[in-house]
Every structure is written in structure tokens, then in C-alpha cells.
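**Q** the sequence isn't on hand, but the structure is:
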């Protein structure tokens, strides 16, 4: 593990680059959603991958990795926001230049399939990154005001403080814990196992989320994480949104609560559930790698410092 470094916050007039490191996206939709960033006083530069299609990918692995490396190397670009997720970031992780990324720290923002890049960049470059709503999320007709407000933190430093004013929180295991925030999409966390980018949960606050996964599939992935020691090694666990994770193929099913109890509660670490982080509305952004405190008594998740340098 390398020493943690933070990116600098943005100022009006700064350039933000939009890239598609996973699946391809509708460039016109991305362009329309970019208008919100422009309203914040930022300049938007659209990456070439937004016009590429390679099967279900936004260009070849080499093209997507080259664009991300170039965006980190470009001193005129101050932040990189992912247009969407889908699939493919794990395929290009070994093509990224992590020394270059560390030498050019800047805001990197996204979620879902971007989880793999958060894990890789955090582990090999030591850069604080942001698990937050994709750019295309801003273009949805029913986008939640809190989802939009996340982007204002790019310019106005604020410390994450998640309470039940945002959503009801349920205690699964009582207690308090402190540690760096790590995690994201379960499917992607599992895909990092036994790779150079494996997510390290030792002494950390692990948050998990997913979408459209049947309970039996979540059972399998959570069991793998349990057997890999990821829950036992964590200081605390945050269960976030599991959108549309209902039985379909197997109608007779364990509930999500039963599965969480078998694999997470059994670890005995302080555990809170109900966070609106992930494939949900609102989707609250969190800084990855920043120290935070969770308390089941206060129903609270609070970062101890800013995710950016002033």
C-alpha cells in the first residue's frame, strides 16, 4: 500500500474531462447532462471513448486505458468524471500507469463498474477517489436534488455527514468503528479477489451495494467475501442500496436479511444498513480512502476530513 494523497478541489473555470472506461454511452445524452457542470462554471471536455463502440465496451481496452492515462497526464484537466458504468474496467486495469496517476492527482469520480478502478487506483496509486453518481444520472428526468448536489462538493469543500435525515438506518450489529472508507459494488469487489488490485478491508469501513442481482447470486458473492476474510478484517460494515435484488429465476428464496445475517452479521462487526449509496435515488457520493466514523448508536456515518485539498 502507498501513502494516501488527495486531489485538489475545483475552482470555477477548471476543465473537467468525461470518459467512458467501461460500456459505451449515448454521446448526446452525456453532452446534455454536461450542461449542469457548465452551470457550475466548469469547462467540460468530452473524451473520444464517448464516440466509440467495441461490442459492449466503449472502445478497446487499449483505447479506454490510453484515454484515462492521457487525462491524468494532462495538466489542464482538473477532474475526471465517468459517463457511465456497465462492464469493462477490470479488463484495462493492468494497462493503467499508476505512477503517472500518483504524480498527477486529480478528482476521479464514478460508481458501479468503476468500483474496480477505485480499488486499483486506491491500492497502487494511493489516490483518494470518489464513489458518486455518473454523469448520465444527471440527465434523468426524476434525478433527486441530493444526487445533483453531490457535484457541488467538487467546488465547495464539505465533510460527509450521513444521518437519518437522508434515509432511515437500521442497526444489524451494535457498535462504533473508525477507518478509511472502501467498497462499492459487490460484483466488482469480488472480481478484484486474488488480483493485484484486491480490495483491502483491514481496519477499514466497508460499504457494499448492487443492483439486479438475485438473492442466490448475492449469497454466493457474500459467501466468497466472507471466506476471503473481508468482513472479519473490516472495522465496520455499511450496507447500502440493493436495487431490484429480488428472486426471479429461483422464486423460493432466502431473503436479503437472511443472507446478510449469515455472511455479515456473523462477523460481529458494527453494521448499519439503509444507506442511499449506489444504484438508488438519491445516490450520495462518498470519498474513498478517507477516514470516517460510524456509530449505530447515533445512526451516523461521518468523514473526519475533506476528500480534497483546498
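**A** Nice, I can see it. Bear in mind that the values here come from a model prediction, so they are computed numbers and not experimental data. Residues are numbered from 1 along each chain as shown.
**Q** how about low-confidence regions in the stretch 1-150 of the chain?
**A** Along the stretch 1-150 of the chain, segments meeting pLDDT under 70 span 1.
**Q** show the residue spans covered by the helices in it.
**A** 27-39, 61-73, 89-92, 98-103, 115-124, 145-149 (DSSP state H, counting those that start in this stretch).
**Q** now the stretch 151-300 of the chain
**A** Secondary structure of the stretch 151-300 of the chain (DSSP H, counting those that start in this stretch): helices at 186-192, 215-227, 230-233, 256-263.
**Q** which residues are in contact with the shortest one?
**A** In other words, helix 230-233. With contact meaning CB atoms under 8 Å, 6 or more residues apart in numbering, helix 230-233 is reached by 189, 199, 201-203, 206, 225-226, 237, 263-264, 267, 269. C-beta: built from backbone N, CA, C; applies to glycine.
**Q** which among the residues you listed count as buried?
**A** The neighbour count (16 or more other CB atoms under 10 Å) marks 189, 199, 201, 206, 225-226, 237, 263-264, 267, 269 as buried among those.
**Q** in JSON lines: those, plus distance to residue 52.
**A** JSON lines is the format used below for those (distance: CB to CB, whole Å):
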{"residue": "189", "distance to residue 52": "27"}
{"residue": "199", "distance to residue 52": "29"}
{"residue": "201", "distance to residue 52": "35"}
{"residue": "206", "distance to residue 52": "34"}
{"residue": "225", "distance to residue 52": "33"}
{"residue": "226", "distance to residue 52": "39"}
{"residue": "237", "distance to residue 52": "38"}
{"residue": "263", "distance to residue 52": "39"}
{"residue": "264", "distance to residue 52": "39"}
{"residue": "267", "distance to residue 52": "42"}
{"residue": "269", "distance to residue 52": "42"}
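**Q** which one of those is nearest residue 128?
**A** Nearest to residue 128 among the buried ones among the contacts of helix 230-233 is residue 199, at 15.2 Å by CB to CB.
**Q** could you pull out the strands for the stretch 151-300 of the chain?
**A** 161-162, 170-173, 176-185, 205-211, 236-243, 271-273, 286-288, 291-295, 300-303 (DSSP state E, counting those that start in this stretch).
**Q** between the ones you listed, which one is closest to residue 49.
**A** strand 176-185 (20.4 Å).
**Q** show me what residue 161 bridges to in the sheet.
**A** Beta-bridge pairing for residue 161 (DSSP bridges): residue 302.
**Q** hmm, back to that, please work out which of the helices of the stretch 1-150 of the chain is packed deepest.
**A** helix 115-124 (a mean of 25; mean count of other CB atoms under 10 Å).
**Q** next one: that one to chain centre, how far?
**A** In this view, helix 115-124 has its centroid 10 Å away from the chain centroid, taken as CA atoms, centre = their mean, to the nearest Å.
**Q** could you check the angle strand 176-185 makes with it?
**A** Relative orientation of helix 115-124 versus strand 176-185 (axes from the mean of the first three to the mean of the last three CA atoms, to 10 degrees): 130 degrees.
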